[in-house]
Each structure stands twice: as C-alpha cells, then as structure tokens.
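Asker: Everything below, folded, please.
(chains A and B)
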Amino acid sequence: MASRTNHSYAGVPGWIVIVATIGATFVVLPLVAMLTRVNWSEFASLISSESSVAALWLSLRTSVTATALCVIVGVPIALVLARTKFWGQKVLRSLVLLPLVLPPVVGGIALLATFGRRGLLGQSFETFGVTIAFSSVAVVLAQTFVALPFLVLSLEGALRTVGTRYEEVAATLGARPTTVVRRITLPLVLPALLAGAVLSFARALGEFGATLTFAGSLQGVTRTLPLEIYLQRETDPDAAVALSLVLVLVSVIVVAVAHQAGEANGIRQRGTA
Amino acid sequence: MTRGRVRVGAALVGVGVMIALAACSGWGGAPGTATRSGTVPAFGGTITVFAAASLTATFTELADEFESAHPGTTVELSFAGSSDLVTQITEGAPADVFASADESTMLKLVDAGLIEKASTVDLATNVLQIAVPPSNPAGVARLADLADPGVATVLCAPQVPCGAAAVAVQKATGVDIRPVSEELSVTDVLGKITSGEADAGLVYVTDVLAAGDAVDGIAFPESSEARNTCPIAVVEGSANRDAAQAFVDFVAGTVGRQVLDAAGFGTPESGR
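Answerer: Residues are numbered from 1 along each chain as shown, chains lettered A, B, ... in the order given. Here you go, the predicted structure:
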C-alpha cells in the first residue's frame, strides 16, 4: 500500500510540485505573517474583553442557527436537483448557487429589498408587528443566504455519486418515497451532509458584507465577530489581530472536521461499492 | 528602518489602489477653471494624495483645479476611511499629502513621525446633522427625538470619527440615544436611512449634502458641541515635496475655501 502511494506521488511532474508549493505558500504565509503581529502578552485580555466575547458568542449562536436552516431547506433542494428532472432545472441550480459568486454586499442589498421594512415581504411582516431589521434574525438570514450553496453543492454531488441503485431496490420492495429518503438516501450521503453543514457553518461564521448591509452592527445583537474585527481595527489594531487569530483557529478546526467527514465519506463509498 | 523594509509590499498595494483610482480621478471636476497668471512653479510630476472618504467630492474637484493651475503636475487621489489611510501610510504606502477626517487620526501619524508637522493646516470643520428618509416617517424634528424608543436611530460606532462626535453631542446635551445599530462608517448609516430601515441617524452635514435627495437633513443647535476639524499635511519623506506643499496651500487657499464651503464644510478658527 505504502509503495503504491509513493509510486503515485512520483508520477507528479516536479514542476507541478514546485508550483503547488508556491501556491500553498501563498495561502499559508499571510497567516504566519499575522502571527508575527499578535501581541501575545495581552492576547488573553484582548480576546476576553466584553465586546469580543459578545461578538464571538453571537457569531457562534447565529452561525449554528443558520447552519440548521441550511440543512432544513438545503437537503430538499439538493434532493430535487439530484433526483428529479424538470424544465428550468439548470437555471434553478445556477440561481441557488449564485450567492457563492455574488459579492456579499449585493446579497445584503437583495435581502434588504426582500425583508427590509420597505421590502417585498418585509412590509407584510411589519403589518403583523414583526420587524427583522437590526435583529439577530437578520444576521441569521444573511448567513443562511450566503452559506446555503455550500450545503446544496456538496450534497447534490454526493447524491449523484452514490447513484440510485439502492433507492430503486428499496422502491421495488415496496418502500414509500419518504421511507426511501429516510432509510436509504440520507444514510448513504450522511458524511457529505455533515461536511456540507460544516462548510456552511464556516461560511456563516465568516459572513461580513451581507450582515453589515442588511443587519447593522450592534454589540450582542448584530455585531458578529468579523464586524467586531473590522471595527476594532479603527482604534485597536492589536485587538483586531487577536480576534482575527481566534477566527482563523475556529475556521481551521471547522475545515479539519469537514475534511475528516469527507474522508469518512470516501471510505464508506469504497466499502459499499 | 522598519518603514523601508515594509515599503515594497505596501507599495504594491499602493500601486493597485492608484491604478484603480487613476480611472476615477479623470471625472467629477468642474470645467472652466480659472487659469492663474504669474509665476510658473518649479515643480511637476505626480503627487499622491490620501484623503478621508468624506472629502471625496471636494478633493476630486480640487485636484482637477490644481492640475489646471499647474500644468505638468498630476494629482493621484486615494480615498478611504481615515484609519485605513493611517494604516497604509504607516505600512509605507507612498503618499505625499494626507488629509484626515479628524484631528485624532492625524495625530497618530504625527506621533509616528510620519507627518511634516510644520506643514499641518486645519482645512475645514464639520458638524453633525440629523439625517432622515425624505418622508421623515418618524416625524423627527430635534435631537431629543432621537432618544425616543419609537424612533429607530442609527449612529456610527464610537470608534469611528462620526461616532465619536455623536458621543460628544450626547454627553454635552444629556440626550441618551439608544441606537438600533452602531455602523462602521457614514456610508453604512446613510445606507440604513436611504433604504428606510432606520428612521434617523447622525452624520456630518457634508454627508447629508452629498447624499442629495436620498435623505433630508435636520440641523440642530447642539451640533456645535462636537465640531470636527479636518487637518491636512505633507507626509514626511515625500518624494515630491514642493508639489505636495503647493497642493496643501492650494486647498487651504481661496479656491479650496470656495469648494469646501459649497460642500457644507465650515471655516476653522485658525484657518487662513
């Protein structure tokens, strides 16, 4: 096994390894450079200030909620995209994935036009006495909007990869569609679902532009960690760097977990194939 | 020494900013500028001016007028939040002139030894005004109305200049505003008001004028409690010192005064 791994590595041309190294350095070096700017002696007090803790706590709460929303609506979207065929499906897929490439500020403006006090839906909400503007709900909506494509994308890919054989067998044995989804489809793609959820969570955690445009910025209510970092930069660059490091650490953990889940996915598929 | 080392990287960023801005600096100026007779100054080339975002319209116009008055001299403009500009200059960005939105931000560069102290001039003053959506849905008329819980008020965060001024006004008047949001910049405050999300906000009078019909401004007498001064100065180590000083003199002079007045800026007490 080990010799096979070595063999495949030797198959990569040397120049590709060199370019890959340069590319990896390009990503890693700025993070290392940031470490050199951290004021370690005051690090603990910088990240434990009232505003920092409030921002971190808010970020975690809203990101978890946004991830849950992503799973609730993202799984059905992925299933519809992967398991059905209908006119306009390609257009729908492109539109659902649009927030991936859209500048978040544009997403924020779009959300304002929808859920704002004068927005398409916001006006009706307002008549029922529900105001989304400047609330944590607005933060969650912004995060869900930008994070949803990550879940849909990874899940739809996994659904296509595992194929429909087992689902067909279950159906011929008399299982109802809901039973097939619950007992066959979802267990098969569970690792991909987890990986997608973790990616969505990471994207929600880093959300800045849409939140700033749509939700505002108030400590403990709408000022998430990225907004706090941006604001601290104005007066206390040390605090901004310290909080950036916290965000990087959380992101690294999240990416590692996602990777782990992804590998489990691969093992599982190999095992079942 | 530190400055020399970081300069290459920061210069790359600076070049990028300048390329982006070179495309913008061509328009926006008033045509038919008065050409001045008299001495042809002994400078030319290019100067880079870093100016606070609140000076965007006025400095774009003044740069055009300066170029007309001094053929052969090009003014590159870079606008951003004052704190961002301070960071860029500290990291070695090649600026010749720095115009700040407030004195404390300028002081950071003075303390770092990056400003020619003798060249510092108070350029203009600015006061806060209440900005409301054109229909003024909450019926705001005076500062005290902003403390009404039924009025959704947005302010700048205390960390940014417009927010510091809002804090000063509240302290001086005893009006206790509970904002629904403390935004990161004037643009964000205006955005919440033009979209109708907020009923009122506190921004500078020049911001209200620049926003045109999108917002209505309500002046309030207590605004004088937080009069903000915008200083301008030559950056230490400027490669084109004479031209930089000439630009500072130009915007602090008669033409500059007219343009700044028209934009709603006040004349500083120590102004020339």
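Asker: Single out the residue in chain B that lies closest to chain A.
Answerer: Distance from chain A to each residue of chain B (CB to the nearest CB) is smallest for residue B:181, at 3.0 Å. Placement of C-beta: from N, CA and C, glycine included.
Asker: So what sits opposite that residue in the bridge?
Answerer: Here residue B:181 sits in beta bridges with residue B:154, as judged by DSSP bridges.
Asker: measure it to residue A:103 for me?
Answerer: 21 Å (CB to CB, to the nearest Å).
Asker: Those two: who's more crowded?
Answerer: When residue B:181 and residue A:103 are compared for neighbours, residue B:181 comes out ahead with 28 against 11, by other CB atoms under 10 Å in any protein chain shown.
Asker: Spit out the contact partners of that one.
Answerer: Counting by CB atoms under 8 Å, 6 or more residues apart in numbering or on different chains, residue B:181 touches A:134, A:215-218, A:222, B:154-155, B:192, B:198.
Asker: ok, back up a step: next one: the residue of chain B closest to chain A from residue B:175, what distance?
Answerer: Look at residue B:181 and residue B:175: by CB to CB, they are 18 Å apart.
Asker: before we move on, what about residue A:104?
Answerer: Relative to residue B:175, residue A:104 is positioned 35 Å away (CB to CB).
Asker: More neighbours: those two, which one.
Answerer: For the pair residue A:104 and residue B:175, the greater number of neighbours falls to residue A:104 (21 against 16), based on other CB under 10 Å.
Asker: Could you verify my assumption that that one touches residue A:204?
Answerer: No. Residue A:104 is beyond contact range of residue A:204, at 11.4 Å (criterion: CB atoms under 8 Å).
Asker: So which residues on the stretch 51-200 of chain A come close to chain B?
Answerer: Within the stretch 51-200 of chain A, the positions adjacent to chain B are A:112, A:116-118, A:133-134 by CB under 8 Å from any CB of the partner chain.
Asker: Right, and chain B sits closest to which residue of chain A?
Answerer: For chain A, CB to the nearest CB, closest residue to chain B: residue A:216, 3.0 Å.
Asker: Quick check: closest non-adjacent residue to that residue.
Answerer: residue B:181 (3.0 Å; CB to CB, 6 or more residues apart in numbering or on different chains).
Asker: Quick check, pLDDT for that neighbour.
Answerer: pLDDT, residue B:181: 94.
Asker: which residues of the stretch 101-250 of chain B score low on pLDDT?
Answerer: Of all residues in the stretch 101-250 of chain B, none has pLDDT under 70.
Asker: Give me the nearest residue to residue A:119, chain neighbours excluded.
Answerer: Nearest residue to residue A:119, sequence neighbours excluded (CB to CB, 6+ apart): residue A:113, at 5.4 Å.
Asker: Over to residue A:205?
Answerer: Using CB to CB, 6+ apart, the closest residue to residue A:205 is residue A:63 (4.6 Å).
Asker: what does residue B:148 give?
Answerer: Using CB to CB, 6+ apart, the closest residue to residue B:148 is residue B:138 (7.8 Å).
Asker: Kindly confirm my reading that the one you found forms part of a helix.
Answerer: No. Judged by DSSP: H, G, I helix; E, B strand; the rest coil, residue B:138 forms no part of a helix; its state is coil.
Asker: Please list all residues in contact with it.
Answerer: With CB under 8 Å, 6+ apart, residue B:138 has these contacts: B:132, B:145, B:148, B:150-152, B:199-200.
Asker: what about the helices in chain A?
Answerer: A:2-10, A:14-36, A:43-47, A:50-83, A:89-101, A:104-115, A:122-127, A:136-162, A:165-172, A:177-180, A:186-206, A:209-214, A:225-235, A:237-272 (DSSP state H).
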